[in-house]
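Asker: what's the 3D shape of this:
(one chain, ligands or ions: 2)
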Amino acid sequence: MTDLRAGSAHDANEPITGRVRVWDPLVRIFHWSLVVAFAIAWLTAEETQALHELAGYAVAGLVGFRVIWGFVGGHYARFAQFVKGPGATLAYLGDIVRGGERRYLGHNPAGAMMTLALLATLAGTAFTGWLMAEPERVAMLPDMPRIVAPTWADDDGDEYRNGGDFEAGGPLKDVHETLANLMLLLAALHVGGVALASVRHHENLVRAMVTGDKRPPEPGDIA
Ligand code: HEM
Ligand code: HEM
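Answerer: Ligands and ions are numbered 1, 2, ... in the order given. So this is what the prediction gives:
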């Protein structure tokens with residue numbers, strides 16, 4: 001019988017269980033650590049600044065790891081395996097509406113696009129948080145490309161020192177908050193997409209993100 005396991009952590013002596021390894025251990029640890037760190041960052045915003053920043057840095061570190069892992073990780077963790085163009089994503093969304101979308105073992109094109117959107121938005125949220133946490137960091141902004149500078153030029157002055165202390169605020173805080181709110185929207189859509197795919201393909205994708213394993217591909221599925 002052929003060994004169906006395709007992830008990076010395969011032990012050749014392991015018995016074949018009729019499941020296919022899709023998410024390698026580091027992707028799974030990454031995912032659930034990210035959910036926890038993001039939840040802490042969200043819940044501590046404006047409450048406990050030190051914990052908020054710590055959780056935000058944890059998010060940034062996890063995203064950094066995932067970008068590297070997207071090039072060197074297990075088969076299904078690699079960007080080259082799952083990233084598709086906008087055309088393929090729109091076509092897949094059309095298939096979902098018509099009810100004929102195919103099952104993918106790794107990320108489907110919509111899930112792949114969502115993965116990139118989540119990673120980029122998280123990076124942007126953490127970066128703007130880092131920038132506004134210290135005034136010296138903000139001082140770097142004028143040296144940044146013009147695409148960033150106009151946002152800053154539009155400030156109303158409330159980001160400047162207040163009695164000697166830096167008071168975070170102004171347009172950067174608005175950008176940080178908007179990105180954090182966008183993250184909530186994306187996370188909700190993400191969980192909705194996971195639930196939809198789980199129902200449509202009769203498989204518990206949340207459990208797959210815990211165990212790493214999925215049902216082997218059937219005819220018509222994309223492995
Ligand atoms: C508790 C709610 C959540 C559940 C049940 C959940 C579940 C999942 C599942 C099942 C996948 C794999 C999807 C697939 O099979 O294609 C996945 C992927 C992913 N999720 Fe979540 N998720 C949750 C919350 C979040 C949140 C809050 C974030 C961001 C902060 C997030 C970020 C991601 C990312 C980046 C991936 C891509 C994984 C990778 O390729 O490394 N998830 N999630
Ligand atoms: C990616 C994870 C993060 C999320 C989801 C997040 C979310 C938020 C939210 C929702 C707010 C409240 C904005 C408002 O209504 O005033 C906030 C404020 C703030 N965040 Fe973050 N943040 C993250 C990362 C960071 C990081 C890495 C830092 C700094 C190292 C940071 C520093 C701050 C600061 C200084 C404020 C303003 C607090 C105040 O003046 O009330 N954040 N963040």
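
Asker: which parts of the chain are helices?
Answerer: Counting by DSSP state H, the chain has helices at residues 25-44, 49-72, 79-82, 86-98, 109-133, 135-138, 149-153, 170-200, 205-211.

Asker: list the buried residues for the longest one?
Answerer: It refers to helix 170-200. For helix 170-200, burial by neighbour count (16 or more other Cβ atoms under 10 Å) applies to 170-173, 175-176, 179-180, 183, 186-187, 190, 193-194, 197. Quick note: C-beta positions are derived from backbone N, CA and C, even for glycine.

Asker: which bits of the protein sit near ligand 1?
Answerer: Taking Cβ under 6 Å from any ligand atom as the criterion, the chain approaches ligand 1 at residues 27, 30-31, 34-35, 38, 66, 107, 111, 115, 118-119, 187, 190-191, 194, 205-206, 209.

Asker: surely residue 21 touches residue 213?
Answerer: Yes - Residue 21 lies in contact with residue 213 (Cβ atoms under 8 Å); the separation is 5.7 Å.

Asker: which of the helices of the chain comes out lowest on mean pLDDT?
Answerer: When the helices of the chain are compared on mean pLDDT, helix 149-153 scores lowest, with a mean of 52.

Asker: how about the residues of this structure that lie near ligand 2?
Answerer: So far as Cβ under 6 Å from any ligand atom goes, the chain lies against ligand 2 at 38, 41-42, 45-46, 52-53, 56-57, 59, 122, 125-126, 129-130, 132-133, 168, 173, 176-177, 180, 183.

Asker: now do 8 Å
Answerer: 37-38, 41-42, 45-46, 49, 52-53, 55-57, 59-60, 122, 125-130, 132-133, 167-169, 173, 176-177, 179-181, 183 (Cβ under 8 Å from any ligand atom).
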